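Engineer: Need the 3D shape of this:
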Amino acid sequence: ANPSVRISFQRKQPCKKPQKMLFFRRIPRILARGRRGGAVAPIGHRSLRTSGDSQNSKKFPHELKGLDENHIPHVEGGHFPEFLEKWTRTRFYQFGAAGTAGVLASAFYTGPLTLTTGTLAAVVTGYWALGLRDIWQKNHTLKRNFPVLAHFRYLAEQIRPEVRQYFIESDLDGRPFGRNQRSLVYQRAKGMVDSTSFGTRKNVYEPGYEFANHSLFPVSVDEVESHVIIGGQSCEQPYKASLVNISAMSYGSLSQNAVIALNTAAMRGGFYHNTGEGGVTPFHRKGGDVVWNLGTGYFGCRTLDGKFDPDKFAQLALQDFIKMIEIKLSQGAKPSHGGILPADKLTEEIAHIRGVPMGKDVNSPPRHSAFRDPLELMHFIKNLRELSGGKPVGIKLCVGRRHELSALIIAMVETGITPDFITVDGAEGGTGAAPYEFTNSIGAPLREGLTAVHNLLRGAGIRNQIKLIASGKVTSGFDVVRNLALGADLCNVARGMMFALGCVQALKCNTNKCPTGITTQDPQLMEGLHIPTKAMRVENYQASTVHAALEIIGAVGVRSPELLKAHHILYRGEDGKVHTMEDMYPELPYGILVDDIPDREQLCGDLERYGVWWEKGRNSLEEMVKGSYGTVPIEPDGEYYVSNHGCIRN
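Structural biologist: Take a look at the predicted model:
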């Protein structure tokens, strides 16, 4: 009926009883079927072979009406190869018996002590041992049904990530980081040429493509500011920070050699090293500037029952190598969950440093015990600043409910106490161990979180008192510049620094079997990480990334990262047209949320949601102080019910 479908019949002499064909005799037919692209019926039946040209690729059942049962085609595909399905426990015993007979024959003809007999006996013995164990075990159905053979499936599953990474994936589709991103870090860390030839590999007309809006009158790199001063009005010891620094990674999650290499690089390169919530260790005292990350476990300044100890805190915070204090509220990879250090990675040394018992997972609670609401948090910040001798104190968070973020900023306005910096961690950030759902399904991505914090601080009129640090999947100079344009003052880098240490993205951080010795406490694996070499590579990578960022900033035509705005970054939208990041993330007028003058009319379209969050933040703060927050239903923030050109729909 369809002229574009060619059907040919091959008549064979019918046989009274279907013949069985051995597998090795079927091989030519299988190969021929693959070459012809059609389906061939079993022997003894009329076979239907179909083929279509480029204009026809669909066959419909009604076209085969009228054919008798001898003309019905046999279609195969979409299941295990037949030789796998034919492998059963009976076949296992048969092959085992044949192998045993072969051993006996070899012993009879060549002697029982010959190399041939010994090798064959070892293979057959291993075959029987492995197969019988598969049959007797009760945990894996495949092994019970397909003894010995099923192990090839588990082997293939085990090596699948490596096979995909090295042989299948392209330069752009690797996850979490593509090959081009990893290669860039490797090249810069080793001091190799990091330029590319023959043009970009990216499709510049594909939706999502991003690029900087350069100037015809660029600024020299030497004229661009490369450091940021962190410290507000109440800070007595402000800190001069680099644009790119080492993000929070704890000793315990990282090996001893990795921490030493990172701290040594920070000393040589003049950038800071964040301890992670695991606290300060002897390996952080190698000369580098240290940011003490104070998590919910209060490691290094805790009482026996896990509460905050101000005396222990002051004793450590007053030391010169501690430059800033960061209170961790949450992190992007597992917001509102706390931290996990698996028991198999907990050594006696780590247990001593953190003050925790051996043999158990070290779980940091999801929230702090030193404060209960935003107002108490502000006073806790003030207390830490005094205990540390006036050093900068900030907070780290992954943005969640926007009205709670508003309540936090309202508390800053009402108390007059502000953190010196806020680290915004995106949901794309990494961690050594986290629950699957928290890593993949909770937390705001960095761009949404960063712009929300930036705009709310602007609306509150206190943005100039607080520095914003962006953290989340930063590897290149353009990543840094884009974050600066969206409101950040500087960036933290974690996995990029790990790549500089030699990480190959084996995805085994939570198994204590990191092949590069970075995220393991195994002494043999850790020994392979040569500290002087890796420290030099981290230093090279950081310096090259900062230089690349400064070159882009100069190309845009500004002399300071503070002058970068969202309109300096362009992207291609789903409509195929080029837009500015300002179209996607408009900036809130300064002080508009606290001014009494009726400028709220400016809050229309995407900006109106900030007014909604601010009002709900006031109510939430009152409920938090009263202790009733979380006991009554909360209306939705409405952050996603916004039109690009209209007003809020909520």
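
Engineer: Not counting sequence-adjacent ones, nearest residue to residue 438?
Structural biologist: residue 334 (4.1 Å; C-beta to C-beta, 6 or more residues apart in numbering). Any C-beta I mention is one placed from the backbone N, CA and C, and that applies to glycine too.

Engineer: got the domain boundaries for the protein?
Structural biologist: 5-78, 85-162, 210-584 (automatic domain parsing).

Engineer: Just say which of those is most tucked in.
Structural biologist: For the domains of the chain, the largest average neighbour count (mean count of other C-beta atoms under 10 Å) is found in domain 210-584, namely a mean of 20.

Engineer: now do the same end-to-end measure for it.
Structural biologist: 13 Å (C-alpha to C-alpha, to the nearest Å).

Engineer: And for stretch 463-478?
Structural biologist: One end of stretch 463-478 to the other measures 24 Å (C-alpha to C-alpha).

Engineer: swap in stretch 450-469?
Structural biologist: Span of stretch 450-469 from end to end, C-alpha to C-alpha: 9 Å.

Engineer: Could you do stretch 516-533 as well?
Structural biologist: Chord length of stretch 516-533, first to last residue, is 13 Å (C-alpha to C-alpha).

Engineer: Now do it, average pLDDT.
Structural biologist: Averaging pLDDT along stretch 516-533 gives 94.

Engineer: and if you look at stretch 568-575?
Structural biologist: pLDDT averaged over stretch 568-575 gives 95.

Engineer: Return the distance of that stretch from the chain's centre.
Structural biologist: How far stretch 568-575 lies from its chain's middle: 24 Å, per C-alpha atoms, centre = their mean, to the nearest Å.

Engineer: re the thing from before, figure out which of the domains of the chain is closest to residue 188.
Structural biologist: domain 210-584 (3.9 Å; C-beta to C-beta).

Engineer: of all the domains of the chain, which lies closest to residue 175?
Structural biologist: Among the domains of the chain, domain 210-584 sits nearest to residue 175 (C-beta to C-beta), with 9.0 Å.

Engineer: Least confident secondary structure element in this protein?
Structural biologist: Counting by mean pLDDT, DSSP states H and E, the weakest-scoring helix or strand in the chain turns out to be strand 47-52, with a mean of 42.

Engineer: circling back: for the domains of the chain, which one sits closest to residue 595?
Structural biologist: For residue 595, the closest of the domains of the chain is domain 210-584, at 7.9 Å, according to C-beta to C-beta.

Engineer: still on that earlier bit, can you put the domains of the chain in a markdown table and add distance to residue 182?
Structural biologist: Formatted as a markdown table, the domains of the chain follow (distance: least, C-beta to C-beta, whole Å):
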| stretch | distance to residue 182 |
| --- | --- |
| domain 5-78 | 35 |
| domain 85-162 | 14 |
| domain 210-584 | 6 |
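
Engineer: I'd like to know which of these is closest to residue 619.
Structural biologist: Nearest to residue 619, of the domains of the chain and by C-beta to C-beta, is domain 210-584 at 7.9 Å.

Engineer: next one: the closest one to chain centre, how far?
Structural biologist: Using C-alpha atoms, centre = their mean, the mean C-alpha position of domain 210-584 is found 15 Å from that of the whole chain.

Engineer: since we're on residue 196, how many residues are nearby?
Structural biologist: Residue 196 has 11 neighbouring residues, counting by other C-beta atoms under 10 Å.

Engineer: okay but residue 190 is in contact with residue 540, surely?
Structural biologist: Yes. Contact status for residue 190 versus residue 540: in contact at 7.2 Å, counting by C-beta atoms under 8 Å.

Engineer: What distance do you get for the residue nearest to residue 438 to residue 506?
Structural biologist: Per C-beta to C-beta, to the nearest Å, residue 334 is found 20 Å from residue 506.

Engineer: Could you do residue 473 as well?
Structural biologist: 18 Å.

Engineer: same question, residue 563
Structural biologist: Separation of residue 563 from residue 506 (C-beta to C-beta) stands at 41 Å.

Engineer: Could you do residue 566 as well?
Structural biologist: To residue 506, residue 566 is 37 Å away according to C-beta to C-beta.

Engineer: how about the helices of the stretch 151-300 of the chain, start to end?
Structural biologist: Per DSSP state H, counting those that start in this stretch, the stretch 151-300 of the chain carries helices over the ranges 179-189, 256-269.

Engineer: Nearest to residue 101, out of those helices?
Structural biologist: The closest of the helices of the stretch 151-300 of the chain to residue 101 is helix 179-189. By C-beta to C-beta, the value is 50.9 Å.

Engineer: Let me see the mean pLDDT of the closest one.
Structural biologist: Rounded mean pLDDT across helix 179-189 is 91.

Engineer: Name the residues that touch that helix?
Structural biologist: With contact meaning C-beta atoms under 8 Å, 6 or more residues apart in numbering, helix 179-189 is reached by 165, 169-172, 174, 192-194, 201, 475-476, 496, 499-500, 505, 537-538, 540-541, 544-545.

Engineer: which residues in the stretch 201-350 of the chain form strands?
Structural biologist: 210-212, 227-230, 239-242, 244-246, 272-274, 289-294, 322-328, 340-341 (DSSP state E, counting those that start in this stretch).

Engineer: between those, which one is nearest to residue 109?
Structural biologist: In terms of C-beta to C-beta, the element of those nearest to residue 109 is strand 340-341, at 60.6 Å.

Engineer: Could I get the average pLDDT for the closest one?
Structural biologist: Strand 340-341 comes out with an average pLDDT of 68.

Engineer: Stretch 300-314 now?
Structural biologist: Averaged over stretch 300-314, pLDDT sits at 89.

Engineer: any weak-confidence spans in the stretch 301-450 of the chain?
Structural biologist: Regions of the stretch 301-450 of the chain meeting the criterion pLDDT under 70 cover residues 338-341, 345.

Engineer: So which residues of it form helices?
Structural biologist: Using DSSP H, counting those that start in this stretch, the helices assigned to the stretch 301-450 of the chain run over residues 310-317, 348-354, 374-387, 402-415, 436-441, 446-460.
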